[in-house]
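Trainee: Predicted model and sequence below, questions to follow.
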Amino acid sequence: MERRVRKLRRFMSAHELCGILITKPENRRYFSGFSGSAGMLLISEYASKLLTDFRYIEQAAAEAEQCDILRYAVSAYEMLSEITAKLGLTTIGFESDFVTYDMYTKLADSLPKLNLVPVQIDALRMVKDANEIASIKKAVEIADQAFSHILSYIKPGISEQAVALEIEFHMGKLGAEKPAFDTIVASGKRGALPHGKASQKIIQLGDFVTMDFGAVYQGYHSDITRTICIGTATAKQREIYEIVLAAQLAGVQATHPGKTGKDIDSESRKIIMNAGYGEYFGHGLGHSLGLAIHEEPRLSPGNTQTILKENMVVTVEPGIYLPEWGGVRIEDTVLVSANGCQILTASSKQLIECI
Ligand SMILES: [Mn+2]
């Protein structure tokens with residue numbers, strides 16, 4: 001925690017700020033340890049103050065050991081005004097990618113003498129430390145185990161929703177706090193929807209089924225996608241699957257410190273383009289994850305700026321989606337290492353035919 005706060009204080013001095021007000025839940029947790037849903041974290045050169053309400057006082061004291069915990073009764077803004085005056089702060093940063101116009105108005109009204117500077121601090125979370133990597137690995141392992149469980153559960157005649165619930169229930173039993181996002185189960189033609197949330201559709205013999213899900217463990221996310229065949233795959237299903245698999249392997253192979261998201265995306269994308277399906281792969285190759293399911297840097301054509309570094313954690317997830325036919329996506333969570341990457345996801349990527 002101290003190292004994280006030191007990093008933030010370096011950011012503050014580089015931006016000539018005497019403090020930062022943190023309200024985004026992921027950042028509040030990252031820089032204090034506090035995992036509750038309400039509170040303001042004010043970090044200045046020498047102070048760390050966590051303002052929260054009655055519901056969270058005990059939890060905050062247990063989780064945010066390095067902070068002074070302050071309880072507000074009516075208005076956090078009023079208390080903030082007293083504290084900033086006491087600390088003699090003149091210029092503080094606020095998270096411009098989180099603070100709403102309404103919150104900003106309240107801040108400006110209650111801190112009339114302060115200079116409020118818009119900042120974005122998510123980038124400070126991009127490189128993961130050992131504790132974070134351990135939590136992500138556990139979240140990945142839970143998702144892997146749920147995938148292996150679902151292979152013995154899924155069969156023709158049950159709904160996508162039943163499959164999603166079984167995945168989520170199993171992850172919970174293995175220690176997940178919650179699913180990383182709404183579990184995607186898209187079967188048959190619905191596989192053409194890249195984000196086809198599980199529906200009442202009944203899974204049928206011959207369907208390709210794309211399952212995209214993850215677990216949250218100690219606040220950290222995992223993300224896995226596998227597409228399996230219910231029954232024996234047709235030649236066309238096998239063709240599409242093998243192209244996506246080749247693209248996924250090329251993406252993993254290309255994931256390397258020093259490269260941009262665009263470099264890695266294009267190594268994978270060119271396999272799908274060369275096979276003639278480029279227009280059916282309409283999303284980026286992957287994203288980083290951690291305390292949030294989608295973090296920077298992205299592995300996408302748009303990321304020409306951010307260079308990958310050791311101990312970033314990203315997903316590699318190409319897909320092909322054919323309207324009125326269906327789709328295939330294969331996704332691993334990978335850890336960027338000193339000279340390449342380590343695939344954290346352990347589930348097999350060979351085409352599975354569930355009979
Ligand atoms: Mn993903």
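Mentor: Done, it's in.
Trainee: For the closest residue to Glu317 other than its chain neighbours, give me its contacts.
Mentor: In space, not counting the residues next to it along the chain, Glu317 is nearest to Glu331; the distance is 3.3 Å by CB to CB, 6 or more residues apart in numbering. C-beta here means a position set from N, CA and C on the backbone, and glycine is covered the same way. With contacts defined as CB atoms under 8 Å, 6 or more residues apart in numbering, Glu331 is in contact with 212, 223-226, 248, 286, 315-317, 345.
Trainee: Can you get me a residue count around the residue in the stretch 1-150 of the chain that the ion sits nearest to?
Mentor: Per CB to the ion, Ala143 is where the stretch 1-150 of the chain lies closest to the ion, at 11.2 Å. Close neighbours of Ala143, defined as other CB atoms under 10 Å, add up to 29.
Trainee: what does Met40 give?
Mentor: 21.
Trainee: Report the beta-bridge partners for it.
Mentor: Under the criterion DSSP bridges, Met40 forms beta bridges with Leu51.
Trainee: State the helix or strand in which the residue of the stretch 1-150 of the chain closest to the ion lies.
Mentor: helix 130-151 (DSSP states H and E).
Trainee: So what sits opposite the residue lying closest to Val117 once chain neighbours are set aside in the bridge?
Mentor: For Val117, ignoring the flanking residues on the chain, the nearest one in space by CB to CB, 6+ apart is Gly93 at 4.9 Å. On the basis of DSSP bridges, Gly93 is bridged to Ile20, Val117.
Trainee: Run through the residues that contact Gly93.
Mentor: Contacts for Gly93 (CB under 8 Å, 6+ apart) come out as 12, 15, 17, 19-21, 116-119, 121.
Trainee: if I look at it, how far off is Lys24?
Mentor: 12 Å (CB to CB, to the nearest Å).
Trainee: Tell me the secondary structure of the most centrally placed residue in the chain, please.
Mentor: Central residue of the chain (CA atoms, centre = their mean): Ile293, 1.5 Å from the mean position. At Ile293 the chain is in coil, as set by DSSP: H, G, I helix; E, B strand; the rest coil.
Trainee: surely it meets His221?
Mentor: Yes: checked against CB atoms under 8 Å, the pair Ile293 and His221 is within contact range at 4.7 Å.
Trainee: Report the set of residues contacting both of these two.
Mentor: Listed as contacting both Ile293 and His221 by CB under 8 Å, 6+ apart are 180, 214.
Trainee: Could you report the neighbour count for Leu50?
Mentor: So Leu50, with other CB under 10 Å, has 27 neighbours.
Trainee: from what I can see it touches Leu70, true?
Mentor: Yes: using CB under 8 Å, Leu50 is in contact with Leu70, at 6.9 Å.
Trainee: hmm, back to that, are any of the contacts of Gly93 buried, and which?
Mentor: 12, 17, 19-21, 116, 119, 121 (16 or more other CB atoms under 10 Å).
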